[in-house]
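Enquirer: I'll drop the sequence and a predicted model, then ask my questions.
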Amino acid sequence: MTKKSIGTEPKLVRWLLIGITVIFLLLMLCLPLMMIFSQAFKKGLNVYFAAVSDKNTLSAVQLTLIATLIAVLLNTIFGLFAAWAISKFTFKRKNLLITLIDLPFSISPVIAGLVFVLAFGRNGVFYEFLYAHDIKIIFALPGIILATIFVTFPFVARELIPLMQAQGTAEEEAAASMGANGWTIFSKITMPNIKWGLLYGIILCSARAMGEFGAVSVVSGHIRGKTNTLPLQVEILYNEYQFSAAFAVASLLVFIAILTLILRNIIEWQGKKHKG
Amino acid sequence: MSNKKRSVIPGFGLSMGFTLSYLSILILIPLSTIFMRTVNMGWDSFFKTVLNPRVLASYQVSFGCAFTAALTNTIFGLIIAWVLVRYDFPFKRIVDGLIDLPFALPTAVAGIALTTLYAQNGWVGKFLYAFGIQSAYSTTGITIALIFIGIPFVVRTVQPILEELEPQVEEAATMLGANRNTIFLKTILPELIPPLLTGFALAFARGIGEYGSVVFISGNMPMKTEIAPLMIMSKLEQYDYAGATAIAMVMLFISFLMLLVINIIQWHTNKFLKV
Amino acid sequence: MTLYVEVKNLHKRFGSFEASRDVSFGIEKGKLVGLLGPSGSGKTTILRMIAGLEQPDSGEIYIDGKKVNDVPPGKRGIGFVFQSYALFRHMTVYENIAFGLKVQKEDKQKIKHRVAEMIALIGLDGLEKRYPHQLSGGQRQRVAFARALAPNPQLLLLDEPFAAIDAKVRKELRSWLKQMIKRLGVTSIFVTHDQDEAVEVADEIIVTHQGSLEQKGTPVEIYKTPKTPFVANFIGESELIADCAQFIAYRNQPAGTKAIVRPEFLEIGKLDEPLNHSASDKGVVTDIAFRGTAWHVTVKVGEATLTGYRSLELSPLSVGEQVFVLIHRLYLLQGNETNIVENDLKTDPMPVFI
Ligand SMILES: Nc1ncnc2c1ncn2[C@@H]1O[C@H](COP(=O)(O)OP(=O)(O)OP(=O)(O)O)[C@@H](O)[C@H]1O
Ligand SMILES: [Mg+2]
């Protein structure tokens, strides 16, 4: 690996830039991570496990998992359909469609929550109807799911579209010309090519869904043991100055985040290996 | 219509139909409620809310901090992407993987971690406060949180472009007698400006809307460290839906503007990428 | 004649792979030299070492009598044309060509003048303001050429300059480039793995193989007197014969001597045609193919399969027909050398066996 240094910077500059990178990432990314664990275990394992197995925490875990499961499932189905339409066919205004799918990336999560409050909340468009039929959306599970779907909407599609576009349509066309039906083409031809990307999209979408704070915060109403997701539980504990407990609950989410990163690397590596 | 080439691949109608319905029901129609509400409430009350000094101050905080953070990220993001693409050093893969942490870490968790870290008695805050830098409960703190949130946007936009740069172009410049600085400024940087702008716009858009990581470190002092999303939140808590909508409308406008900018940049670069 | 470029004993390794082994050659001023060899034989590596883009592990490089091993690439007075053009894609044609002059801080007026001159030379007048993506492949190649030549280099290096251009334009560009280089009188080395291209364009050819220099000479020399088995086999059409002693004219060679034969060394005639029968072997036609200007006839002689041409003027052969095959000459492979042997029987004015 000893490349001759033609066309590269002097050693000093190189190490300076590497130094800046390492220090920046240490300060901005590593230390916060270490801080979480250090705070979580500050008062010992007992306090940690007490916080993690607290009744409210457990119900938050449950709620988070339910909301995540539904949101990720729906967004995955959407992602597959959208990627199929966009990558395997040509049509006008394709770029507009892609931009619209990306829209939730650049919209504040608070606004994501707000739109559902405006639609279903008190003096919302559908409020009369919902009230008459005793359906609760805002300050209840459906609202949380809707908000989660909104914020994590693009993740699976975004992962699949470039992948499937790069793969082109030749293989699918060949299969179609041999008389394979849509499902066979998808499951036998397309799926093997995209499975790693799909898996990563699902994992990233799940991580984001579990961790969503702003949007869920608007629609949940913060009812303890009922409409609190994990991040909201963290917030409540933190605001009550139960720092160790807050960080203990937070550490659960950090585990998931780290797992996501590790999986991402494995998958990327797998993907490269399979490509050639 | 009839001249449209029919594809032999099945499922266009189904997948397109599903995509558009899902997109409309879950994203577009809900979003349009904000426009409708704004139109319904009339310009008077819209401007009264939006031009309220406290709201104006929150915009200033949000835009100002998001801008500073995005700018910082543009510079450091370039350096980090450069180092990751061009140099070899120990643990490079781990460093590379770590960049995505802000994507995967819940914002609220990042918020409390950063607050504890940069507070007066925190590991880093200790030193900063000693130098007279108030790193938590200030716009500095907000900026720090937004830097954390925004860094992957710049790195991950610049990195692939940098990887794909043809080494031959730099060699061509070398053969023509250019030195390292000239090569960077004249042949590399122009290629990186579009991704840097895109990364900046993405980080900026995200920064304006960011809530979870900021509310803890900002301290939320009216007129000083209140961010725009927090204003929406507090309007909602007072059941002032019209007020919340008006503030959201302005933010949406900025978001769309950013999207437009990003798309124009993409469109512009795609033209040149054909070579 | 003085040598303008001289390389001595160049060695280059990439890891444990030897990309150049003991490469030495000299090139006279004003010559247009083709570096020819199969893919991976180290042509690009040699070119890049001369340019200074790669440092040799050992060996010396002289340009115009001066050792340049420690001279940075931009100061060697070399113009380099890259295989994929490597144009600056956010600069116009004008800016691309002016780049070298600008970094050398030439006078503005002079730059303008020189660029205009180059644009006229490559025949792209009126396209100065275009960006590379608005040009065709051939036009881009010309811009790359002008950009390399603008600073007036004394040596021009071209790495597969036509590889990315389609066949038709390629031929045109080939002769255009040759004319251009001859007109400017700049010493040039170009890499190619297409022997037609090398033969057509180059004054001299250097053949490389597995990192080593096999032979250097004019196209005719390389073709007529290949010095190594590799060159004999690589240049032109050729067939390897496992044992040449089986043929009547070469019966005196030790059994098992390998040889190379080219189609143009063969004469194939019907049994009743006036061919020097005593110098020929009998064979059977196994295949006939029409190739535009001649028949390509494949004949089996004993164990060996040979291919030769037969004029369209002569009466056509048919598969399975018995023929005489006259082998005018062969390249004998003797160790690392090749030697030509002529058919000595055909010179005999009075055939013995009548
Ligand atoms: N930077 C490098 N690192 C490792 N190996 C290299 C490098 N450059 C060249 N090689 C190896 O050295 C050998 C010679 O390469 P070179 O590019 O000189 O061949 P070439 O004759 O130009 O081939 P081609 O006709 O395919 O361009 C090849 O086997 C190649 O894999
Ligand atoms: Mg090469």
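Expert: Sure thing, it's come through. Ligands and ions are numbered 1, 2, ... in the order given.
Enquirer: measure the residue sitting nearest the centre point of chain B to ligand 1 for me?
Expert: Among the residues of chain B, residue B:203 comes closest to the average C-alpha position under C-alpha atoms, centre = their mean, at 1.9 Å. Distance from residue B:203 to ligand 1, counting by C-beta to the nearest ligand atom, to the nearest Å: 36 Å. (Each C-beta comes from the backbone N, C-alpha and C, glycine too.)
Enquirer: Checking my notes, that residue in a strand, right?
Expert: No: under the criterion used here (DSSP: H, G, I helix; E, B strand; the rest coil), residue B:203 is helix, not part of a strand.
Enquirer: Low-confidence regions, chain C specifically.
Expert: C:1, C:347-354 (pLDDT under 70).
Enquirer: Quickly list the domain ranges of it.
Expert: Taking automatic domain parsing as the domain assignment, the record places the domains of chain C at C:3-227, C:239-342.
Enquirer: Over in the stretch 51-200 of chain C, which residue gets nearest ligand 1? Let me know.
Expert: Nearest residue of the stretch 51-200 of chain C to ligand 1, counting by C-beta to the nearest ligand atom: residue C:193, 4.7 Å away.
Enquirer: residues contacting that residue?
Expert: Residues in contact with residue C:193 (C-beta atoms under 8 Å, 6 or more residues apart in numbering or on different chains) are C:36, C:37, C:38, C:39, C:43, C:160.
Enquirer: go with 10 Å
Expert: With contacts defined as C-beta atoms under 10 Å, 6 or more residues apart in numbering or on different chains, residue C:193 is in contact with C:35, C:36, C:37, C:38, C:39, C:40, C:41, C:43, C:160, C:163, C:208.
Enquirer: So what's the residue count around the first one?
Expert: Right, residue C:35. Neighbours of residue C:35 under the rule other C-beta atoms under 10 Å in any protein chain shown: 28.
Enquirer: Which stretches in the stretch 101-250 of chain C count as helices?
Expert: Listed in chain order, the helices found in the stretch 101-250 of chain C under DSSP state H, counting those that start in this stretch are C:108-121, C:137-149, C:167-184, C:195-201, C:219-224, C:229-234.
Enquirer: so which of those helices gets nearest chain A?
Expert: If you check each of the helices of the stretch 101-250 of chain C against chain A by C-beta to the nearest C-beta, helix C:137-149 wins as the nearest, at 17.6 Å.
Enquirer: Can I get the closest one as PDB, trimmed to CA atoms?
Expert: Taking only C-alpha atoms (Å, rounded to 0.1, in the frame of the first residue of the first chain), the coordinates of helix C:137-149 have been written out as PDB:
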ATOM      1  CA  GLY C 137     -15.500  12.000 -29.200                       C
ATOM      2  CA  GLY C 138     -13.200  12.900 -32.100                       C
ATOM      3  CA  GLN C 139     -13.500  16.600 -31.300                       C
ATOM      4  CA  ARG C 140     -12.700  16.000 -27.600                       C
ATOM      5  CA  GLN C 141      -9.600  14.000 -28.700                       C
ATOM      6  CA  ARG C 142      -8.500  16.900 -30.800                       C
ATOM      7  CA  VAL C 143      -9.000  19.300 -27.900                       C
ATOM      8  CA  ALA C 144      -6.900  17.000 -25.700                       C
ATOM      9  CA  PHE C 145      -4.300  17.000 -28.300                       C
ATOM     10  CA  ALA C 146      -4.300  20.800 -28.600                       C
ATOM     11  CA  ARG C 147      -4.200  21.200 -24.800                       C
ATOM     12  CA  ALA C 148      -1.100  19.000 -24.600                       C
ATOM     13  CA  LEU C 149       0.600  20.800 -27.400                       C
END
